[in-house]
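Undergrad: model the following, please.
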Amino acid sequence: MSSLESASGNRESTQAAAVIRCDGLSKTYVEGTLRTPVFDGLNLHVAAGERVAIVGASGVGKSTLLHLLGGLDSPTSGEVHVAGQAMSKLGEKARGDLRNRALGFIYQFHHLLPEFTALENVMMPLLIRGEAPKTAAAAARSLLEQVGLAARVGHKPGELSGGERQRAAVARALVNRPACVLGDEPTGNLDEKTASGVFDIMLELNRDIGTALVLVTHDRRLARRMDRVLELTGGALRELDKTEV
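TA: Here you go, the predicted structure:
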């Protein structure tokens, strides 16, 4: 019987509902004889619709953790489950399909494709999944309207402001209605007012769509608006009381 099956009461219910779960996660980088441990035996459960902020000093491994959660890197030991599936048990194609279906990604820099319009960029995850162009365009247009870019759908990234580009990136991350969005300093490249506006949109869409959010951020003011704040320190995650943030 697995640990999930043998768990009892609320713990079983919480784990069963987790959209992302990692157990005993360890990561050590090896270069020749040099071994650099990042963290060891880390556990994390993220429930459907939950909003989790991860904070910590520069260089402690926050981005590494996010890459492991998203299946963009492999742990040294331990396991990451996304939507109930163990990432290590999947081949590269199946892992990519799971990322496309269950996860969205937002980075500090928007990573929009410069040769495509905002609409085409947001359509991309749906087209990769095999949706018909007409269906993908309708879904992308609807989400761009929700993030306030109805009048900018035909503009390329170079014709958009920094805040508009990041809002388009948010729309692209959510167009598949993923179980969870992973954000790596998603407002870190914006001024305070613009960052707050983009963050407002992310929280509104989190409520509307029910997508969980796991965000790495250095902005403690924004972190306080999440359901939980976890500090990565000393290779472990420590839950902070909001008064500590």
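
Undergrad: quick one, strands of this structure?
TA: 18-31, 34-47, 51-55, 77-82, 85-86, 103-107, 180-184, 212-216, 228-233, 236-240 (DSSP state E).

Undergrad: angle of the second one against strand 77-82?
TA: Right, strand 34-47. Counting by axes from the mean of the first three to the mean of the last three CA atoms, to 10 degrees, strand 34-47 lies at 30 degrees to strand 77-82.

Undergrad: CA atoms only: put strand 34-47 into PDB for me.
TA: What follows is strand 34-47, C-alpha atoms only, in PDB (Å, rounded to 0.1, in the frame of the first residue of the first chain):
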ATOM      1  CA  LEU A  34      32.600  19.200  -7.000                       C
ATOM      2  CA  ARG A  35      29.200  18.500  -5.500                       C
ATOM      3  CA  THR A  36      26.800  21.400  -4.700                       C
ATOM      4  CA  PRO A  37      23.700  20.400  -2.800                       C
ATOM      5  CA  VAL A  38      20.800  22.800  -3.200                       C
ATOM      6  CA  PHE A  39      18.200  21.100  -0.900                       C
ATOM      7  CA  ASP A  40      17.600  17.600   0.500                       C
ATOM      8  CA  GLY A  41      14.400  15.800   1.500                       C
ATOM      9  CA  LEU A  42      12.100  18.700   0.600                       C
ATOM     10  CA  ASN A  43       8.300  18.200   0.800                       C
ATOM     11  CA  LEU A  44       5.500  20.300  -0.700                       C
ATOM     12  CA  HIS A  45       1.800  19.900  -1.400                       C
ATOM     13  CA  VAL A  46      -0.200  22.400  -3.400                       C
ATOM     14  CA  ALA A  47      -3.900  22.100  -3.400                       C
END
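
Undergrad: quick one: mean pLDDT for it?
TA: In this model, strand 34-47 has a mean pLDDT of 88.

Undergrad: same deal with the shortest one?
TA: Rounded to a whole number, the mean pLDDT of strand 85-86 is 89.

Undergrad: and the spatially most central residue of the chain, what does it touch?
TA: For the chain, Leu182 is the residue whose C-alpha lies nearest the centre (CA atoms, centre = their mean; 0.6 Å). The neighbourhood of Leu182, defined by CB atoms under 8 Å, 6 or more residues apart in numbering, consists of Leu66, Leu69, Gly70, Leu103, Gly104, Phe105, Ile106, Val214, Leu215. C-beta: built from backbone N, CA, C; applies to glycine.

Undergrad: returning to that earlier point: now the strands of the chain in JSON lines, with distance to Gly130?
TA: As requested, the strands of the chain are arranged in JSON lines below (distance: least, CB to CB, whole Å):
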{"stretch": "strand 18-31", "distance to Gly130": "23"}
{"stretch": "strand 34-47", "distance to Gly130": "27"}
{"stretch": "strand 51-55", "distance to Gly130": "30"}
{"stretch": "strand 77-82", "distance to Gly130": "20"}
{"stretch": "strand 85-86", "distance to Gly130": "19"}
{"stretch": "strand 103-107", "distance to Gly130": "17"}
{"stretch": "strand 180-184", "distance to Gly130": "21"}
{"stretch": "strand 212-216", "distance to Gly130": "24"}
{"stretch": "strand 228-233", "distance to Gly130": "35"}
{"stretch": "strand 236-240", "distance to Gly130": "36"}
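
Undergrad: wait, which of those strands is closest to Val198?
TA: Val198 lies closest to strand 103-107 among the strands of the chain, at 9.3 Å (CB to CB).

Undergrad: other SSEs contacting the closest one?
TA: Under the contact criterion of 3 or more CB pairs under 8 Å, 6 or more residues apart in numbering; DSSP states H and E, strand 103-107 touches helix 162-174, strand 180-184.

Undergrad: and of the ones you listed, who's closest to Val80?
TA: Going by CB to CB, the one of the helices and strands packed on strand 103-107 nearest Val80 is strand 180-184, 11.5 Å.
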